[in-house]
Structures are given as C-alpha cells and as structure tokens.
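S.K.: Quick one, structure for this:
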Amino acid sequence: MIDKFATSAEAALQSVRDGATVMIGGFGSAGQPVELIDALLAHGARDLTVVNNNAGNGSTGLAALLAAGRVRKIVCSFPRQTDSWVFDELYRSARIELELVPQGNLAERIRAAGAGIGAFYTPTGYGTTLAQGKETREIDGRMYVLEYPLHADLALIQAERGDRWGNLLYRKTARNFGPIMAAAARLTVAAVHEVAELGAIDPECVVTPGLYVDHVVHLPRHHIPGGRDAEMDA
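M.R.: Down below sits the predicted model:
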C-alpha cells in the first residue's frame, strides 16, 4: 500500500545533505511552507543553495534559515524588500552569494528542469548585465539569451489538500511555484492543510500528481481567535 504521509516534517527531511540545492515555494507569504523551512533549519544542513521567488521576509521562515548561516547562495527574483533586512545585511557583508533571475526566467528555468528541456532562448535580460557571459542568438530579427534549467535536490512546497498517494490541490495564488518545483526536484516534500481520502480528489482536478511527490506532511492551518485564518487568501 502506497502511503506517502510522513510522521513529521523532520522525518521527511532526514535524508537532506549539506550542499543541497533546495527549492522553496511561495510568493511572499502565499504558499510558503514555513513549517517545512523550520524543520530544515532544525535538521542542521549547511552550505545550501536556495531557489525561491524572494530572499526572505522579516525574521522567520526563509529569513531565519539565512540568519542561521545555513545558505551559501540564493537564486531569486526579488532579493530586496522593505523587510528583507536579513538578506540585505548578509549580502552587504559578502556572506551570501546572489544569482538574480527575472521572475519569468526563474519560472521557466524551473519548469524546463521538470520537462526535461536542455536549454531555451528568451528575450528577457538581453542587453543587460544579467546576460553578461551568456550565449545570445538572433531569431527572426530579435535577440535572445540562452538560459539553462534549474534542478534541485529538494523541493519544499505548501498545498491545500493531499492524499496518501501525494496528489495535491492548491489554494488560489498559493499555487504559484509549487507545481513546477515539485517536478524539478529529486525529492519533494509537500505540507498539506487538509487530508483527502484516496479517490476523493477528482483526477481531472489534481494539480500536482503524486508521481512528483515523495513525502506529505499534514500541517493543519492555524486559526486566529475569532475564526479568521492566519494564512490569508492572496
């Protein structure tokens, strides 16, 4: 019987090694698997390369992982925001490496890894410092930059519902990077707020098939007194 539910987030991450490339889903707080990031922090893995949309907010989640000195390099689109002081201090003191990638390119590089695409040409970034040292080509009168897929050893994603086979559904914009990251990583751990009985999710509605998910961790949504969800719709 296939049952991908892990007993805990810590158990799901026990095979992570130092130097791993880790993809973390989420756009700001929407879809960010905070509990899984906390478990990775507790695990103790170091010298990590993190692929994420941004470089952490405030002092929790990804920012806490950065503050602990566990991340060697971050690949992202939005490294600086009003509350990204942890990354900002690390970068200014040369304690972290940054690879800045336009958001569309970031998503396509991740998707290409899952789809088995060797490389692709994109006009985004041509003529800027982001294209320095990269192969360029003129196609139908327009200049393009050659970009390569982003693969990962581990993907940490957040979903709304999941069954024991690992089939996942997401909540609105919390879907963002989850599906493509799950396909691009060798090991995918998904946190789900709700557990669905096997067969309860219409196959036509499955967003991430269980084929791409190795471990599922049930983490019920926390509620604020008064009934309003702590994790808001985005």
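S.K.: ok, now which residue in this protein is the farthest from the centroid?
M.R.: Distance from the C-alpha centroid of the chain peaks at residue 141, with 35.2 Å (C-alpha atoms, centre = their mean).
S.K.: For the residue lying closest to residue 22 once chain neighbours are set aside, give me the pLDDT.
M.R.: Spatial nearest neighbour of residue 22, excluding adjacent residues (C-beta to C-beta, 6 or more residues apart in numbering): residue 154 at 4.7 Å. Yep, even glycine has a C-beta here, placed from its N, CA and C like the rest. Residue 154 is assigned 98 on the pLDDT scale.
S.K.: now residue 29
M.R.: pLDDT at residue 29 comes out at 80.
S.K.: same deal with residue 81?
M.R.: For residue 81, the pLDDT comes out at 81.
S.K.: Which stretches in the chain count as strands?
M.R.: 21-24, 48-51, 71-76, 97-100, 120-122, 136-139, 142-147, 152-162, 168-169, 185-195, 215-218 (DSSP state E).
S.K.: Columns distance to residue 6 and mean neighbour count on top of those strands, output as CSV?
M.R.: Conversion of the strands of the chain to CSV gives the following (distance: least, C-beta to C-beta, whole Å; neighbours: other C-beta atoms under 10 Å):
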stretch, distance to residue 6, mean neighbour count
strand 21-24, 17, 26
strand 48-51, 20, 23
strand 71-76, 23, 20
strand 97-100, 31, 14
strand 120-122, 35, 16
strand 136-139, 45, 10
strand 142-147, 34, 16
strand 152-162, 12, 26
strand 168-169, 15, 24
strand 185-195, 8, 22
strand 215-218, 5, 22
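S.K.: With distance to residue 39 added, can I get those strands in a markdown table?
M.R.: As requested, these are exported to a markdown table (distance: least, C-beta to C-beta, whole Å):
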| stretch | distance to residue 39 |
| --- | --- |
| strand 21-24 | 12 |
| strand 48-51 | 14 |
| strand 71-76 | 15 |
| strand 97-100 | 24 |
| strand 120-122 | 34 |
| strand 136-139 | 42 |
| strand 142-147 | 32 |
| strand 152-162 | 9 |
| strand 168-169 | 18 |
| strand 185-195 | 9 |
| strand 215-218 | 8 |
